[in-house]
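> fold the following, please.
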Amino acid sequence: MSAYYPLLVLHSAVRWLVLAGLPVTAIRAWQRSRRQLPYTPTDNRLRVGTLAVVHLQALLGVVLYGISPIIRYFYSAFGDAVHNRQIRFFGMEHSLVMTVAVVVITIGAAKAKRKTTDAMKHKTIWVWYGIALLLILSSVPWAFSPLTSRPWFRTF
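I've put the predicted structure just below:
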């Protein structure tokens, strides 16, 4: 049996962890920044935990990109595939935007760690994680998306 489908199911499931953790972390940082509240160990765990889940999702995505029949077709028939909306979405758009989002989160987490004031830590997290969240939301293959759609939940 190919590893492709089980990894695809896992990638689909982990997306919900990303889509839960990222807004929670960003919104909490925004609220605590507005209220000028201290940066606590919980804030740090959210920063690091969200980063870890996003990196896990990225790793799954990279492995899927390497073994996907869609991507294999994208490269073998590039001239035709680039004109197919769904194939192009996974071959270029989804992977590029998600890679940028992972880089944005990674930079934001590193910058926040180095900030010297609680207010700057919170602000750095909500700005960088918020930007990444917008990027991710724009490139998830939602079930309702006109770009390409995939099921809300995949099962074995």
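> and Ser149, which of the three is it?
Here Ser149 is recorded as coil under DSSP: H, G, I helix; E, B strand; the rest coil.
> for it, grab the count of nearby residues.
Burial of Ser149 is recorded as 13 neighbouring residues (other C-beta atoms under 10 Å). Glycine gets a C-beta too; all of them are placed from N, C-alpha and C.
> next one: the one 3 residues further on
By the criterion of other C-beta under 10 Å, Trp152 has 11 neighbours.
> find the nearest non-adjacent residue to it, please.
Ala143 (5.1 Å; C-beta to C-beta, 6 or more residues apart in numbering).
> pretty sure Val14 contacts His55?
No. Val14 is beyond contact range of His55, at 10.6 Å (criterion: C-beta atoms under 8 Å).
> so the two - more neighbours on which side?
Neighbour comparison, Val14 and His55: the larger count goes to Val14, with 18 against 14 (by other C-beta under 10 Å).
> just the strands in this structure please.
Using DSSP state E, no strands are found in the chain.
> what's the least confident helix or strand in it, going by average pLDDT?
Within the chain, no helix or strand scores below helix 85-88, which has a mean of 91 by mean pLDDT, DSSP states H and E.
> elements contacting that one?
With contacts defined as 3 or more C-beta pairs under 8 Å, 6 or more residues apart in numbering; DSSP states H and E, helix 85-88 has these neighbours: helix 69-76.
> in the helix it packs on, which residues are buried?
For helix 69-76, burial by neighbour count (16 or more other C-beta atoms under 10 Å) applies to 70-71, 73-74.
> helices of this structure, start to end?
Taking DSSP state H as the criterion, the chain contains helices spanning 4-34, 41-67, 69-76, 78-81, 85-88, 94-114, 118-139.
> so can I have JSON lines of these showing distance to Thr155?
Formatted as JSON lines, the helices of the chain follow (distance: least, C-beta to C-beta, whole Å):
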{"stretch": "helix 4-34", "distance to Thr155": "7"}
{"stretch": "helix 41-67", "distance to Thr155": "17"}
{"stretch": "helix 69-76", "distance to Thr155": "19"}
{"stretch": "helix 78-81", "distance to Thr155": "28"}
{"stretch": "helix 85-88", "distance to Thr155": "21"}
{"stretch": "helix 94-114", "distance to Thr155": "21"}
{"stretch": "helix 118-139", "distance to Thr155": "23"}
